[in-house]
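Novice: build me a model from this:
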Amino acid sequence: MVNPAMLDPAASETLTPPSSGRAPRLAPRWYALAQLAGWWLVALCNMVITWASLGITDGHVGERLLQHGYDVGHASVLGLLSALVVWGWRRWTPARTGHGYLALACFSATLSQLLLRDDLRGGAAMLGGGADAVLPEIAVALVFSLSVPISAWLGLRLRTGKKGVALLVVATLLALGHQWLWPSLYPGIHSYASWCATLLAAGPLSRGISYMTRATNDRRATTMTRAGLAVVTAMAVASVVLPVPPAVRSQMVQIPGSVIAQWSGLPRKLWRDITGANQLTQLRAVTPPSLHPSMPPTARAQLPWLPRAPIVLLLAIDAMRADVLIKVGDKLPVLSSLQRDGVSFSHVWSPAPSTVASVVAFFSGRSASQLRWKRKRIGRKVHKYPRKDGVPRVPELLHRAQVDSGVATHMAGMRPAYGLTRGFRSTFAVPDRSAASVVKAWKRWLPRHRDGASLQYIHFIDAHNPYNLAGTAGSEWDNYIGELGLVDRAIGEMVAHLAEQGLTERTIIIITADHGDAFGEHNSRFHGSTVYEEQVRVPLIVYHPELSPRRVEAQVSLLDLAPTLLDLFDVAAPGAYVGQSLLPAVMGHPTPRRDPIYLDSQARYVGMVFSDWTKLVIHQGGGTALFDLKVDPGEAHNIIDRDPRAQAHQQRYREYLLHYGVRPFR
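Specialist: Okay, the predicted model is just below:
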C-alpha cells in the first residue's frame, strides 16, 4: 500500500529554526525516509503481536524468524513506495501542498473500494437505503478515506517537542491496538489503521532522522543514506521475489498488520473477476443438478425405535463450541444429560463459521460456496442471503410428503422469505430473541401442530457475543458459559413440556450449533473469520428415549443434516445434496465418508478435513497449513512443508472444488 502523504506548507528543502510558533521546516528527503521508518514501526508492532498471541512451539524458531524477515521486507516495500511518492511530489510540485492532501484522499478513497467493501457495508446500512445502496457506502468510505490525509497532516503539524513524542506513542498504540482488539476481523480496517499509524509516526520520526544527520557532514550523510537504501531495497525485492514458504505465510496471515500478506491474493481475484477466467464458474454452468444418485431412505426395519409420525425438534445453539460440554458440562445439566443418554457425535464440523452460511446448509444439503447470493437489508443491517435455485430444500420435500414444518422467527433472517429456511410451512413469532421467549412462543404454536409428523427448527441466539445477557460477572468465557446456561434451562423447559403433553415418545431431539466461537486461539475472536477448530467444531446430539446411548467417533459434517432429516421421515435425499444420512451411525453401523469435509469461512479461509484426520487450512493470500488432528488437535504444528501427504491432499481439495462447483473466496 502506497503512502503518498505530502509535506504541508511548513515544509521546505532545509531544516531551519522555528518561527512564529510553527514547526521547523523539514527537508523532503527526511520526511520521505520517515515513511520507511513508519512502516518499520508497524513491522515491529507485528512482531510484538505475533509473540503475544501466537507464541512459539518447539522446533519452529526458524519459521518465526523467517516470518519476521519477510514481514520487515514487506514493510520495506510499502515504505520505499511511500518514500518515493513523497520525494517525487515535493520535487516536481513543491508549491502544491493542498493538492497533495487532495490526491492522497482520492487515492485512499479509491483503495477503500477494494479493501473496505465488506467491512463498510454494515455501517453503510445504518445510514439508510437498500442493501445495494451506493450513496451510504460512499459516505462511509469517505470517512475512512479522510482518516489518511488527516493522519498525514497531524503527523507533520505535531511532530516537534513533547507533541511529537506523544504522537509517536499514539501511533505505536494504534499499530498495536487495532490488532489486539479485533484480531482476524475487518481486514481492510486493519490495513487502514496500519497506514494511519505510519503517517502519524512519520512526522516525529522525520525530526529524529534530521537531528541524527546533523551530526555528520552532508557528503557522509548522503553516502550512508544511499548505502542504507540499497540494502533496504535489496531486502524488499527479496521479500517479494522469493516465495514465502507456506508454513511461514500461514503464520503471517494471522497477523492483521502484515498488510502485503493479507492482500497478496487480491490481484488474482481482481483478474478473475475482470476477465471471468474462472474455471469453477465455467464448470458451474454445466454442472448437472444431481451430482450423485438420489439417496434412498434407510429401511424402516432397521429403525425399530423410530415413531410412526415423528416430531423432529432441531435445536441450533448459536456459537456453541464442541468442547464446552467437555470443559464445563456440570454447568449445563440438561445438555449434559441429553448427551449422556442420547447418541453423541464427537467429531462434527460446521461447513462455515457463520450463521447464514451454516443454516442454509442445514436445509439445502450444500455449502454456501455452491450457491449464489444477494444482499438484503433487514432493519439496519445488511446480510447475504441465497438466491432461489432449482434444488429443493428439506422443508419443501417434506411438504410434498405431507410433513408439517415450523420455524421460530425471532431472528428476522430466519423468515422463509429470506431463503435460509425456504419451504417451512409455518412460523411462530417471538417478541424478543431470548431463549425463554422462544420457548413460550413454541409452546403456543405446538398444540396446533402436534397431531402429524413435523419438523420444528429453533435457533437460540443467546450465546452470541457480546456475552452480556446472563448477568454474570467474570471473563468473556464465564459470561459466554452463563449465556449457554440460559439456553440449557430453556431446552430443559421444552423437554419437560413434551413430557407433560405426552409427546416424549414421538419426539426426536437433535441438538447442534451453527458454528463455534474463538477466544484468542489463532489470534482470533468470535466467529466468521477462520476455519480453525474453535470456530467450526460443534456438538451434535440425537436423543430419543428408545435410542441406545452411544458415542460416535466418525467424522461428520453438518451438511449431513439435510439427508438425515429427510431420512427420518422416509424421504429420499436429492443427488445434489453433498452430505449423507447419519441414521446408520446413530444405530452404530460404520459410516465411511464419500468425500472429505469441506470448510469455508466465506471470506478469507477455506479448509478440508480428510479421512486420515489431517486438516488443510488455506488462506486467500496463499498461506497453507496442514495439521494432524490426532496428535495436534489445537492446530499448533503446521506440517505442510514436511508431510508426504500434503501434495495429495491439496490435489484432492482442488478436485473437490471442480466436482462440486464450489467457488471459494467469493
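
Novice: residues contacting residue 588?
Specialist: For residue 588, the residues meeting the contact criterion (Cβ atoms under 8 Å, 6 or more residues apart in numbering) are 548, 550. C-beta: built from backbone N, CA, C; applies to glycine.

Novice: what pLDDT does it get?
Specialist: What the model reports as pLDDT for residue 588 is 92.

Novice: so it is in which element?
Specialist: Using DSSP states H and E, residue 588 sits in no helix or strand.

Novice: quick one: buried residues of stretch 143-151?
Specialist: 144, 145, 147, 148, 149, 150, 151 (16 or more other Cβ atoms under 10 Å).

Novice: what is the lowest-pLDDT residue among the residues you listed?
Specialist: Of all these, residue 144 carries the smallest pLDDT score, 74.

Novice: go ahead and confirm it touches residue 108.
Specialist: Yes. Using Cβ atoms under 8 Å, residue 144 makes contact with residue 108 at a distance of 7.4 Å.

Novice: can you pull the residues that touch both of the two?
Specialist: Shared contacts of residue 144 and residue 108, counting by Cβ under 8 Å, 6+ apart, come down to residue 192.

Novice: among the buried residues of stretch 143-151, pick out the one closest to residue 311, please.
Specialist: Ranked by distance to residue 311 (Cβ to Cβ), the buried residues of stretch 143-151 are led by residue 144 at 50.6 Å.

Novice: confirm that closest one sits in a helix?
Specialist: Yes. Applying DSSP: H, G, I helix; E, B strand; the rest coil, one finds residue 144 inside a helix.

Novice: contacts only, for it.
Specialist: 108, 112, 116, 120, 189, 192.

Novice: again, but for residue 259
Specialist: Neighbour list for residue 259: 1, 42, 74, 78, 191, 194, 195 [criterion: Cβ under 8 Å, 6+ apart].

Novice: go on, residue 535?
Specialist: Residue 535 sits next to 353, 515, 516, 517, 518, 524, 527, 528, 529, 601 when contact means Cβ under 8 Å, 6+ apart.

Novice: widest-spaced pair of those?
Specialist: Using Cβ to Cβ, the two most remote members of the contacts of residue 535 are 517 and 601, lying 13.7 Å apart.

Novice: related to what we said a few turns ago, any chance of JSON lines for the contacts of residue 144, columns secondary structure?
Specialist: Below are these laid out as JSON lines (three-state DSSP):
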{"residue": "108", "secondary structure": "helix"}
{"residue": "112", "secondary structure": "helix"}
{"residue": "116", "secondary structure": "coil"}
{"residue": "120", "secondary structure": "helix"}
{"residue": "189", "secondary structure": "helix"}
{"residue": "192", "secondary structure": "helix"}
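
Novice: from the middle of its chain, how far away would the strand or helix carrying residue 196 be?
Specialist: Using DSSP H and E, the element containing residue 196 is helix 187-214. Distance, stretch centre to chain centre, for helix 187-214: 29 Å (Cα atoms, centre = their mean, to the nearest Å).

Novice: ramachandran coordinates for residue 444?
Specialist: When read as degrees, to the nearest 10, the backbone of residue 444 gives phi -70, psi -30.

Novice: tell me how many other residues crowd it.
Specialist: If you count neighbours by other Cβ atoms under 10 Å, residue 444 ends up with 10.

Novice: so who does it touch?
Specialist: residue 428.

Novice: what's the answer for residue 532, then?
Specialist: 518, 521, 522, 524, 617, 635.

Novice: didn't residue 303 look like it was pressed against residue 589?
Specialist: No. Here residue 303 does not reach residue 589: they are 11.3 Å apart, not a contact under Cβ under 8 Å.

Novice: and the two? Which one has more around it.
Specialist: Between residue 303 and residue 589, counted using other Cβ under 10 Å, residue 303 has the larger neighbour count: 19 against 11.

Novice: excluding chain neighbours, give the residue nearest to that one in space.
Specialist: Closest residue in space to residue 303, ignoring its immediate chain neighbours: residue 583 at 6.6 Å, by Cβ to Cβ, 6 or more residues apart in numbering.

Novice: next: residue 229.
Specialist: residue 80 (7.8 Å).

Novice: what's the burial count for that neighbour?
Specialist: By other Cβ under 10 Å, 22 other residues sit near residue 80.

Novice: for whatever helix or strand it lives in, give the mean pLDDT please.
Specialist: Using DSSP H and E, residue 80 sits in helix 61-92. The average pLDDT within helix 61-92 is 87.

Novice: can you check stretch 419-433 too?
Specialist: On average, stretch 419-433 scores 84.

Novice: quick one, domains of the chain?
Specialist: Domain ranges of the chain: 28-248, 310-589, per automatic domain parsing.

Novice: which residues of the stretch 351-500 of the chain score low on pLDDT?
Specialist: Scanning the stretch 351-500 of the chain for pLDDT under 70 picks out the ranges 377-383.

Novice: the helices in it, which residues?
Specialist: Counting by DSSP state H, counting those that start in this stretch, residue ranges of the helices within the stretch 351-500 of the chain are 355-364, 394-400, 435-445, 476-500.

Novice: of these, which stretch is the most buried?
Specialist: helix 355-364 (a mean of 26; mean count of other Cβ atoms under 10 Å).

Novice: what's it in contact with?
Specialist: 314, 316, 318, 350-352, 367-368, 371, 383-386, 391, 393-395, 413-414, 419-423, 457, 459, 514-515, 558-559, 561-562, 565, 577, 600, 602.

Novice: returning to that earlier point: for the helices of the stretch 351-500 of the chain, which one sits closest to residue 251?
Specialist: helix 476-500 (24.7 Å).

Novice: start and end of stretch 426-435, how far apart?
Specialist: Taking Cα to Cα, to the nearest Å, stretch 426-435 runs 19 Å from one end to the other.

Novice: now what about it, what contacts it?
Specialist: With Cβ under 8 Å, 6+ apart as the test, stretch 426-435 has contacts from 404-411, 415-416, 437-438, 440-442, 444-445, 449, 460-462, 469, 486-487, 489-490.

Novice: so which elements touch the helix holding residue 196?
Specialist: On a contact count with 3 or more Cβ pairs under 8 Å, 6 or more residues apart in numbering; DSSP states H and E, helix 187-214 meets helix 28-53, helix 61-92, helix 97-115, helix 117-126, helix 134-157, helix 161-181, helix 259-263.

Novice: please identify the buried residues of the third one?
Specialist: It refers to helix 97-115. Across helix 97-115, burial judged by 16+ other Cβ under 10 Å covers 97, 100, 101, 103, 104, 105, 107, 108, 109, 111, 112, 115.

Novice: excluding chain neighbours, what is closest to the fifth one?
Specialist: To tie it back to what came earlier, the one meant is residue 104. Leaving aside its sequence neighbours, residue 104 sits nearest to residue 149 (Cβ to Cβ, 6+ apart; 4.6 Å).

Novice: run through the residues that contact the one you found.
Specialist: Counting by Cβ under 8 Å, 6+ apart, residue 149 touches 5, 101, 102, 104, 105, 108.

Novice: which stretches of the stretch 201-350 of the chain form helices?
Specialist: So, for the stretch 201-350 of the chain - with DSSP H, counting those that start in this stretch - the helices run 218-241, 246-252, 259-263, 266-275, 279-286, 324-328, 333-341.
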